[in-house]
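Novice: this is a predicted model, with the sequence first.
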Amino acid sequence: MKRNELTSNLVVMRPLARADIPHIRRLAAAEAIAKNTYVPHPYPPEAADEFVQKAIDGWRQREACVFAIIESASAQFAGCMGLHPEPAHQRAEVGYWIGLPYWGRGLATAALRLIIEFGFGELGLNRIAAGHFPYNPASGRVMQKAKMRYEGTLREAHFHRGEFKDEVRYAILRRDYAADNPLEANKTKGTAED
């Protein structure tokens, strides 16, 4: 997998680095992040170190592409987004979180659009999927704005914070992306073996 920097007018995305650890510790400690993700709460001091090391190893071992999300306007670390490919099936799962001070700025949508482009263009994927808990509809709106399509709700699919929770699923296929982005169509015609 290529270690790319992805850019838009709202965000710059680059592979996580050890310099991001203090920012992750500060932003990921918010209870609202834990409520919507599998980020632990209270956030242990060593969790950021382990997360960043796992992200670095994921790039090295070609198992995951975890990016830091940097707000373009302020050049501040705002969150993380990861793409976890399954090459045998030419598909991947996306996971992300944005720090509370950066909510409502369109950063997650901009980052998701970039990671979708990266997945289809650089990794040759055919399908990219994501999910959210039903009580977090803002995450669903991010997926919808990135042109992902609702596929259904998986009942009690996760045991999260001591209870079973449903997961609302979205996905986008390479052909959907190409239809919405005709200039990108030629970039997304390959396969994972290209």
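Specialist: The structure has been received and is ready for your questions. The shown structure was predicted, so the numbers you read here are calculated from the model rather than taken from an experiment. Numbers count the residues shown, from 1 in each chain.

Novice: give me the contacts around stretch 64-76.
Specialist: 1, 6-17, 20, 23, 54-55, 58-59, 77-85, 96, 98, 102, 105, 107-108, 111, 115, 118, 123 (C-beta atoms under 8 Å, 6 or more residues apart in numbering). The C-beta positions use only the backbone N, C-alpha and C, and glycine is treated the same way.

Novice: pLDDT at the residue most central in space within the chain, what is it?
Specialist: The C-alpha lying nearest the average C-alpha coordinate of the chain belongs to M81 (C-alpha atoms, centre = their mean; 3.2 Å). Per-residue pLDDT puts M81 at 98.

Novice: do the same with F77
Specialist: 98.

Novice: bridging residues for it?
Specialist: Beta bridges link F77 to I70 when assigned by DSSP bridges.

Novice: tell me the contacts of it?
Specialist: Contact analysis of F77 by C-beta under 8 Å, 6+ apart lists 20, 23-24, 27, 68-70, 99.

Novice: with H89 instead?
Specialist: H89 touches 126-127, counting by C-beta under 8 Å, 6+ apart.

Novice: what about stretch 156-169, start to end distance?
Specialist: Start and end residues of stretch 156-169 are separated by 13 Å (C-alpha to C-alpha, to the nearest Å).

Novice: and for it, what's in contact with it?
Specialist: 34-35, 38, 129-134, 140, 150-155.

Novice: now it: buried residues?
Specialist: 166-169 (16 or more other C-beta atoms under 10 Å).

Novice: ditto for stretch 85-95
Specialist: 85, 90-94.

Novice: can I get the residues you listed in TSV with secondary structure and distance to P45?
Specialist: What follows is those, written out as TSV (DSSP: H, G, I helix; E, B strand; the rest coil; distance: C-beta to C-beta, whole Å):
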residue	secondary structure	distance to P45
P85	strand	30
Q90	coil	39
R91	strand	35
A92	strand	31
E93	strand	28
V94	strand	27
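
Novice: what is the neighbour count of H84?
Specialist: A count of nearby residues for H84, using other C-beta atoms under 10 Å, gives 14.

Novice: ranges for the helices of this protein?
Specialist: 21-28, 31-36, 47-60, 107-121, 137-145, 174-180 (DSSP state H).

Novice: fine by me, we can end here.
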